[in-house]
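Trainee: Quick one: sequence and predicted model below, then my questions.
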Amino acid sequence: MDVVRPFERDDIPAVVKLFRWAFQQNGNHAPGELESYFQRVFFENPWYDEELPSWVHVAEDGTLDGFVGVSPKRLQFRSRRLRVITATKLMAAPTATPLVASRLLRRVLAGPQDLLYSDISNDAGRRVFEALGGSTVMLYSLKWQRPLRLGRHAVARLGTPWLRPIGSLADAALGRLGPFRVPKVPEGYAIEDLSLDVLATRLKDLVGDRALHPDYEVPWLEWLLSLARQTMPTAAFRQRQVRDSRDRTVGWFLYAVGRDGIGEVLQLASRKDSSGVVFDALLADAWSAGVTMLSGRLEPGMVVDMSARHCVFRRADHWTLVQTRDPEILATIATGKAFLSRLEGEW
């Protein structure tokens, strides 16, 4: 008889084999890297909770043919700490029965968590999730993009390295004139390195007006950013804060820059009255880091400032999905009154 049961450490080799089949584009990972990844994500999370396990499906012949991962997170809703999970890596073998994915996700949704949040679901996962009562959040399924070096970005996309000098000349002009001009940090403000202690303890000062926001601790941030670096081994990570003339932290940003020059913002936070300054600081810092194109998850509180700085908005490559039994939490997310960055998503 087939069975759905909690994921165990001894299952990792079989899950890695399943992962290689399901996500063939990741087949260049060495076996040790993938086994280390599954160990770290699902058993070494500082907030690991035995009541919130990952799940596997075992077929009648004893083979493991389905998996869904569960990664615990913490958010605060008003004054209440929530038990939050991210459901990730939902996959089934080609020999699995059609309902394996549904059975696995159904088991996750029946757990004791207050909120399930998933931000990189594909179309197939979204259909299963909605069929089981989950919701797609359109607002957080959007992303913004801002070209910084449009010439070099175009050359890289075209694959024509002999055009690089022309692209550089175009960027030198566009960087000073027109809609692609890179703003300077206003006088009286400074960009400095951001420590994880500041990130963990000061977030509420910046986004306290949001009913739902992360509830961080330094050990968890250290674990998460270490995992992010493992996931993106060739990227350069930058953590910067913006301080005003009174030496107050008015915002910060974390982003990763790939070898292709594309920067992905992992978190962008600011005081309500300083969002324009913080976004200008992000653009200036990314320019200094050689970024050609910068993008990130839509931050509803900064849409006006982003629009004024010629950002382009479009649907992200994946869907953001949520499930909760609390209608107030769902309404908070659906109306953009939650602070949910890339750090809160799947890794």
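Mentor: Thanks, I have the structure now. Numbering: from 1, shown residues only.
Trainee: contacting residues around L142?
Mentor: R297, L298, F313, R314, R315, A316 (C-beta atoms under 8 Å, 6 or more residues apart in numbering). Where you see a C-beta, it was placed from the backbone N, CA and C, and this is true even at glycine.
Trainee: Any idea what it is bridged to?
Mentor: R315 (DSSP bridges).
Trainee: Next: A338.
Mentor: Listed by DSSP bridges, the beta-bridge partners for A338 are L212.
Trainee: what does T88 give?
Mentor: Taking DSSP bridges, one finds G69 as the beta-bridge partners of T88.
Trainee: what's the neighbour count on the nearest residue to A289 once chain neighbours are set aside?
Mentor: Using C-beta to C-beta, 6 or more residues apart in numbering and skipping the chain neighbours, the partner closest in space to A289 is V257 (5.6 Å). Applying other C-beta atoms under 10 Å, we find 21 residues neighbouring V257.
Trainee: isn't M1 right up against E60?
Mentor: Yes - under the criterion of C-beta atoms under 8 Å, M1 is in contact with E60, at a separation of 6.2 Å.
Trainee: Neighbour count for the two, which is higher?
Mentor: The neighbour count for M1 versus E60, taken as other C-beta under 10 Å, is higher for E60 (9 against 5).
Trainee: doesn't that one fall inside a helix?
Mentor: No - assessed by DSSP: H, G, I helix; E, B strand; the rest coil, E60 does not belong to a helix; its assignment is coil.
Trainee: Let me see the domain layout of this structure.
Mentor: Domain assignment for the chain, taken from automatic domain parsing, gives 3-113, 142-317.
Trainee: between the ones you listed, which one is nearest to F339?
Mentor: Distance to F339, taken as C-beta to C-beta, is lowest for domain 142-317 among these, at 4.1 Å.
Trainee: Please state the offset of the closest one from the chain centre?
Mentor: In this view, domain 142-317 has its centroid 14 Å away from the chain centroid, taken as C-alpha atoms, centre = their mean, to the nearest Å.
Trainee: quick one: low-confidence ranges for the stretch 1-150 of the chain?
Mentor: For the stretch 1-150 of the chain, the stretches with pLDDT under 70 are 24-32, 150.
Trainee: all helices in it, in order from the N-terminus.
Mentor: Using DSSP state H, counting those that start in this stretch, the helices found in the stretch 1-150 of the chain span residues 12-22, 31-43, 100-109, 123-131, 150-158.
Trainee: Which secondary structure elements does the fourth one sit against?
Mentor: Other elements packing on helix 123-131 under the criterion 3 or more C-beta pairs under 8 Å, 6 or more residues apart in numbering; DSSP states H and E are helix 100-109, strand 115-121, strand 135-136, strand 319-323.
Trainee: could I get these as a markdown table with distance to Y189?
Mentor: Rendered in a markdown table, the data for the helices and strands packed on helix 123-131 read as follows (distance: least, C-beta to C-beta, whole Å):
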| stretch | distance to Y189 |
| --- | --- |
| helix 100-109 | 44 |
| strand 115-121 | 31 |
| strand 135-136 | 38 |
| strand 319-323 | 32 |
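Trainee: can you put these in CSV and add distance to R83 and mean neighbour count?
Mentor: As requested, the helices and strands packed on helix 123-131 are arranged in CSV below (distance: least, C-beta to C-beta, whole Å; neighbours: other C-beta atoms under 10 Å):
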stretch, distance to R83, mean neighbour count
helix 100-109, 13, 20
strand 115-121, 8, 22
strand 135-136, 19, 15
strand 319-323, 13, 22
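Trainee: can I get the domains of the chain in a markdown table with distance to D123?
Mentor: Written out in a markdown table, the entries for those read as follows (distance: least, C-beta to C-beta, whole Å):
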| stretch | distance to D123 |
| --- | --- |
| domain 3-113 | 13 |
| domain 142-317 | 11 |
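Trainee: Go through those and name the closest to R126.
Mentor: Ranked by C-beta to C-beta, the member of the domains of the chain that lies closest to R126 is domain 3-113, at 10.8 Å.
Trainee: Can you get me the start-to-end distance on the closest one?
Mentor: With C-alpha to C-alpha, to the nearest Å as the measure, the ends of domain 3-113 fall 22 Å from one another.
Trainee: centre of the chain versus that domain, how much separation?
Mentor: 18 Å.
Trainee: Tell me which of the helices and strands packed on helix 123-131 approaches R210 most closely.
Mentor: strand 115-121 (14.4 Å).
Trainee: Pull up the pairing partners for the closest one, direction included.
Mentor: strand 80-92 (parallel), strand 319-323 (antiparallel).
Trainee: Contacts for that strand, please.
Mentor: If you take C-beta under 8 Å, 6+ apart as the criterion, strand 115-121 is touched by 73, 75, 82-88, 108-109, 125, 129, 134, 140, 297, 317-324, 326, 329, 340, 342, 344-346.
Trainee: of those residues, buried ones?
Mentor: Taking 16 or more other C-beta atoms under 10 Å as the criterion, what is buried in these is 73, 75, 82-88, 108-109, 125, 129, 134, 140, 297, 318-324, 329, 340, 342, 344-346.
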